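**Q** A predicted structure for the sequence below; I have some questions about it.
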Amino acid sequence: MTKYSLFQKLTVVVLLVATIFVTTPVSAADFTSKAALGSISGVGRVELRGLSLQHEGTLFAGDHVAIGEKSGAKVLLRNGQKLVLDQLTALTFNAGGQVQIGNGNAAFSSKSGKLDIVAGPFQIKGDRELAGDVSFVGTNYVGVRVNTGKATVTNLKTRQTYEVAAGHERLFNVVTGGNMTSVAELASTVPDAIPAVPPIPQRPTPPTTTPSGGSQQPKSGGISHSGWIAIFATLGGVAAAIAVLATRGDDETTAPDVTKARTALTAAISTAGSATAANNTIASSANSAITTINASSSPQKTALLAQANAIASQATLTQQQIASLTTTLNSLQSQLAGVTDQAALTALTTQINNTIASLNQQDVILNQNITALNALVTAAAAGGVTLPPVGIPPVQQTPGVASASIPV
């Protein structure tokens, strides 16, 4: 045997051993290794270090994970973090347990207070008993939703810090680094809500043989309500499961209806803001008219004052009603974030539509008051009193929530 052939055989053996070592999954029981950060288990097409993951593996600093289409994974880290990764999610695990998400969507949970996630230029950290999710919305935004606890979001470039409390979600602009806090700004720039974490795909069930000898395919339908509870029991208990089920029901009809309800609420809150501004202008114009009319010697002074006082009084009542409805709309928006099933969503949608109907009634009264104010300006001019033109545009009606079960 030549030295060259011996060297070739030795090289083959070394490469074979190295390949087996690299591709062999390491159990979560091997956490005794100081270099190990945690474990990952996946369903479908999941890559760890560029290689296909076979059910389970161990995570080390610098590892990159990529989730394929219709696939998912669960991660358990030594520092107490737990993650559920959505399809088409890519992330890197840094030293110390920091998770850097490049794209996609991930639910997170931490009971140790050591949550450390970086998404774009933003770092998300949180207190104990923290659960929620972080996702890339399009290419320009990062969404952070907190179900329990409180998260701190820091812009790593500007060092500006934001807080996201339980039951709230925030969108952050990757380009400008800003926090999308304006409802109107949010509605105009990002039509879709922060995506919910979908179920991890189940492994295919082999077809069963029928008595006649044929094959019967298993019924589809994804993970059931109880399946969701089981999966998210590892992500902070039933509360986390309910929070995710709020945006994706068993029959997948809840998510679109939640989006419709959220869109209607956003429009209603925006309309309430416009109505408040218009009503403030009416009240200011009416009070100014009262002062001008009182200082005049118009023969129509008494009648003009009666008109102006009626407009001012109505503006006060309208302002109280709109303020109350705005409070209700904001409360409904918070309740919508915690809705758990289609039945609860249907009941909440009825409340939303009733509140929007009441807001539209106040808008009608407000527009009538604008007409009365214009009439006052005309009557005052006929009586020798000059009042400034009104110039207040009418407030538009807000459509309700339309769904298959609740037409509008």
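**A** Everything's here; your move.
**Q** Going by C-alpha atoms from here, please, whenever you check contacts or count neighbours.
**A** Fine.
**Q** What are the buried residues along stretch 380-395?
**A** A380, G383, V385, T386, L387, V390, I392, P394, V395 (16 or more other CA atoms under 10 Å).
**Q** That should have said stretch 47-58, apologies.
**A** Buried residues in stretch 47-58 (16+ other CA under 10 Å): E47, L48, R49, L53, Q54, E56, G57, T58.
**Q** go on, stretch 93-111?
**A** Those buried within stretch 93-111 under the rule 16+ other CA under 10 Å are 93-94, 97-111.
**Q** Quick check: of the buried residues of stretch 380-395, which lies closest to T350?
**A** For these, the residue nearest T350 by CA to CA is V395; the value is 23.2 Å.
**Q** For stretch 150-158, C-alpha coordinates in PDB please.
**A** Backbone C-alpha positions of stretch 150-158 (Å, rounded to 0.1, in the frame of the first residue of the first chain) are rendered in PDB as follows:
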ATOM      1  CA  LYS A 150     -43.700  44.800  29.900                       C
ATOM      2  CA  ALA A 151     -41.100  45.100  27.200                       C
ATOM      3  CA  THR A 152     -38.500  47.800  26.700                       C
ATOM      4  CA  VAL A 153     -37.500  48.500  23.100                       C
ATOM      5  CA  THR A 154     -34.300  50.400  22.400                       C
ATOM      6  CA  ASN A 155     -33.100  51.900  19.200                       C
ATOM      7  CA  LEU A 156     -29.500  50.800  19.100                       C
ATOM      8  CA  LYS A 157     -28.500  53.700  16.800                       C
ATOM      9  CA  THR A 158     -30.100  56.600  18.700                       C
END
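**Q** for L325, what are its contacts?
**A** Contact partners of L325, counting by CA atoms under 8 Å, 6 or more residues apart in numbering, are A272, T355, S358, L359.
**Q** Quick one: buried ones out of the residues you listed?
**A** When those are checked for burial by 16+ other CA under 10 Å, the buried set is A272, T355, L359.
**Q** For the host helix or strand of the last one, name the packing helices and strands.
**A** Spelled out, it's L359. Using DSSP states H and E, L359 maps to helix 342-382. Judged by 3 or more CA pairs under 8 Å, 6 or more residues apart in numbering; DSSP states H and E, the packing partners of helix 342-382 are helix 254-294, helix 301-337.
**Q** from the ones you listed, which stretch is densest packed?
**A** helix 254-294 (a mean of 20; mean count of other CA atoms under 10 Å).
**Q** Go ahead and confirm A261 touches V401.
**A** Yes - between A261 and V401 there is a contact under CA atoms under 8 Å: 5.6 Å.
**Q** any shared contact partners between those two?
**A** By the contact definition CA under 8 Å, 6+ apart, A261 and V401 are jointly contacted by T349, I352.
**Q** List the residue ranges of the protein that fall below the pLDDT cut-off.
**A** Within the chain, the stretches with pLDDT under 70 are 1-34, 113, 127, 178-256, 340, 402-408.
**Q** How is it partitioned into domains?
**A** 24-189, 254-382 (automatic domain parsing).
**Q** Strands along the stretch 101-250 of the chain, start to end?
**A** 105-110, 116-119, 122-126, 130-137, 141-148, 150-155, 161-165, 168-173, 179-180, 208-209, 215-216 (DSSP state E, counting those that start in this stretch).
**Q** What residues sit buried inside stretch 364-371?
**A** By 16+ other CA under 10 Å, the buried positions in stretch 364-371 come out as V364, L366, N367, N369, I370.
**Q** residue contacts, the closest residue to the fourth one other than its chain neighbours?
**A** Using CA to CA, 6 or more residues apart in numbering and skipping the chain neighbours, the partner closest in space to N369 is I311 (6.3 Å). For I311, the contact set (CA under 8 Å, 6+ apart) comprises I282, A283, A286, N369, A372, L373.
**Q** how close does I311 get to L305?
**A** 10 Å (CA to CA, to the nearest Å).
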